[in-house]
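> pasting the structure only:
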C-alpha cells in the first residue's frame, strides 16, 4: 500500500482563489511528521510547512496552512489567495517514528497551475 | 541565508564513465540525505548519514553507487560505471539530526545527471 497518496495529478486554479491540495497517508505509528514541499520549474525542493502527529492545532505558515485530520489520515495543504508564483509541483511527505528513522517518504505530487 | 549547495548542477556523461556529485550541508546539520528523482519512481531515498556515519543505504545499488562523508562539510555520491538508467536529478538534503519527527530536511538545488 502507498504510504503517501496524492490523488490530484494536476490542478488549475484562478489567481487569488484558495486551493486545497489533497494528501492521505498510511502509518501504524503514533508518532510521525507530515511535510509539504514545493518544486517550481527551476527544480529545487522548497520546504513549506510541517505538521506533527501530536500537534493539536493545524500548522500555518503565511498563506500556507495544513488541514490535518488525524482520524481520516489526511494532511491537505491549503494555499490562500493564490499567486502566479504558486505554480509548481507540490509534494506531501511523511516521516515515521522518532529517533532512528529519518527517511522521508514522498507522494507522487500535484502539479498546480495558477491561471491569471 | 544558510543553504545546501550541490555541484555540479548539470552533468552529461557517457555510459561507463565515473560520476561524482558533491554536497555541502548546512553548517551545524549533522544528517545528510541523498535522494533521486525520476519521472517513473518519483523521489526515493538512496542513502543517509548521521554524524558522517552511514545509517541507511538500502536504496542504493551497491554494485555501482557509493556514498561517503569525508568530513562534516562534504558529502559525495559516486556512480561507477554510470548507465543510462542512472539519468535523474540527484538531491542532497541536510537536517539538524535530532531524531525528532519534526526535524525538517532542507534540500539542495539538485544535480541533473544525463548518461548517454
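Yes, it's here. Because the structure is a prediction, the values reported are computed rather than measured.

> Neighbours of residue A:6, how many?
20 (other C-beta atoms under 10 Å in any protein chain shown). (Each C-beta comes from the backbone N, C-alpha and C, glycine too.)

> what's the answer for the one 10 residues further on, then?
Per other C-beta under 10 Å, the neighbour tally for residue A:16 reads 11.

> need the contact list for it.
Contact analysis of residue A:16 by C-beta atoms under 8 Å, 6 or more residues apart in numbering or on different chains lists A:81, A:82, A:83.

> Mind pulling up the pLDDT for it?
As predicted, residue A:16 sits at a pLDDT of 97.

> Could you check how far it is from residue A:66?
According to C-beta to C-beta, to the nearest Å, residue A:16 and residue A:66 sit 21 Å apart.

> can you check residue B:17 too?
Applying C-beta to C-beta, the value for residue B:17 to residue A:66 is 44 Å.

> So those two - more neighbours on which side?
Using other C-beta under 10 Å, the more surrounded residue of residue B:17 and residue A:66 is residue A:66, with 24 against 13.

> From the contacts of residue A:16, list the buried ones, please.
Applying 16 or more other C-beta atoms under 10 Å in any protein chain shown to the contacts of residue A:16, the neighbour count classes residue A:82 as buried.

> Need the contacts of residue A:16 in TSV (columns: secondary structure).
TSV is the format used below for the contacts of residue A:16 (DSSP: H, G, I helix; E, B strand; the rest coil):
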residue	secondary structure
A:81	coil
A:82	coil
A:83	coil
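
> Can you lay out the contacts of residue A:16 as a markdown table showing distance to chain B and pLDDT?
Shown next, in a markdown table, are the contacts of residue A:16 (distance: C-beta to the nearest C-beta, whole Å; pLDDT from 0 to 100):
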| residue | distance to chain B | pLDDT |
| --- | --- | --- |
| A:81 | 25 | 95 |
| A:82 | 23 | 96 |
| A:83 | 22 | 97 |
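
> residues touching the nearest residue to residue B:12 once chain neighbours are set aside, list them.
For residue B:12, ignoring the flanking residues on the chain, the nearest one in space by C-beta to C-beta, 6 or more residues apart in numbering or on different chains is residue B:114 at 4.7 Å. By C-beta under 8 Å, 6+ apart, the contact list for residue B:114 reads B:10, B:11, B:12, B:13, B:87.

> Could you give the average pLDDT over stretch A:108-115?
The average pLDDT for stretch A:108-115 rounds to 97.

> Need the residues that contact it.
A:6, A:8-15, A:19, A:21-22, A:39, A:79, A:82-91, B:42.

> Three-state assignment for the residue positioned nearest the centre of chain B, please.
Central residue of chain B (C-alpha atoms, centre = their mean): residue B:34, 2.9 Å from the mean position. Classification of residue B:34 using three-state DSSP returns strand.

> List the residues that contact it.
B:23, B:45, B:46, B:47, B:48, B:60, B:67, B:75, B:77, B:90, B:91, B:92.
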